[in-house]
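Q: any chance you can model this:
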Amino acid sequence: MSVTPDPGPTSSSRKQPASTSDPTGQQPLFRERLLPSPGAWIVVVALGSIVGLVMIPINLTLAIVVAIVCVVIAIVLAVLYSPVLEVAGGRFRLGRAQIEVSLLGEPEVLTGEDWQRTIGQDFEPLAHHCVRGWAHSGIRVEVLDAADPTSAWVATTRRPDDLALALRTARHGR
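A: Modelled structure (predicted):
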């Protein structure tokens, strides 16, 4: 199978700079963290504050401290669970999954109705999806590996043209 999970942090990987995942030390061709939209950040902060609001009848100082701690935890979790899209070292990483760009077809940039149709009525159950509701564009890349049961990779991105260009560059640069 061509999709391999990210092995996670190891003692040797902690020593490397977090900005590159390419073992050759080159800068990635494309890197984007799918952080929530401004509206989603408001919801994150509101949900964290609600926990403190519940504590007001017990003690106001405790309620403020709990609200601040919960807001910080909610923000950290929102950042940690935001997937990273990266093209580096001949690999396309989408969250924890990664695939060799040589096993991918031509990237298709999807915006507007095309994007809505791809994640809606034309949803592919066998495709690998990384879709976030706060971004309204993405790409679809067919998987060419006959041994891989995954038909395509479908990913939300705010910069679909840049990601498609990076995938083309990585595929033709090998």
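Q: can we go C-alpha only for contacts and neighbour counts from here?
A: Will do.
Q: beyond the longest helix seen in the chain, next helix or strand please.
A: Looking across the chain with DSSP state H, the single longest helix is helix 60-80. The C-terminal neighbour of helix 60-80 among helices and strands, as given by DSSP states H and E, is strand 84-88.
Q: by contact count, what packs against that next one?
A: Under the contact criterion of 3 or more Cα pairs under 8 Å, 6 or more residues apart in numbering; DSSP states H and E, strand 84-88 touches strand 30-33, strand 91-94, helix 160-172.
Q: quick one: which of those is nearest V154?
A: Ranking the helices and strands packed on strand 84-88 by their distance to V154 (criterion: Cα to Cα) puts strand 91-94 first, at 9.5 Å.
Q: give the pairing partners of that closest one; include direction for each.
A: strand 84-88 (antiparallel), strand 97-100 (antiparallel) (DSSP bridges).
Q: before we move on, back to that, same question for the longest helix of the chain, mean pLDDT?
A: Per-residue pLDDT values over helix 60-80 give a mean of 91.
Q: tell me how far that helix lies from the chain's centre.
A: 24 Å (Cα atoms, centre = their mean, to the nearest Å).
Q: in it, what counts as buried?
A: Going by neighbour count (16 or more other Cα atoms under 10 Å), the buried part of helix 60-80 is 63-64, 66-72, 74, 78.
Q: stretch 52-60 now?
A: 52, 55.
Q: first to last residue in that stretch, what's the distance?
A: Using Cα to Cα, to the nearest Å, the end-to-end distance of stretch 52-60 comes out at 9 Å.
Q: hang on, the earlier thing: is it possible to get a markdown table of the strands paired with strand 91-94 that adds mean pLDDT, distance to R140 and mean neighbour count?
A: What follows is the strands paired with strand 91-94, written out as a markdown table (pLDDT from 0 to 100; distance: least, Cα to Cα, whole Å; neighbours: other Cα atoms under 10 Å):
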| stretch | mean pLDDT | distance to R140 | mean neighbour count |
| --- | --- | --- | --- |
| strand 84-88 | 93 | 13 | 23 |
| strand 97-100 | 92 | 14 | 18 |
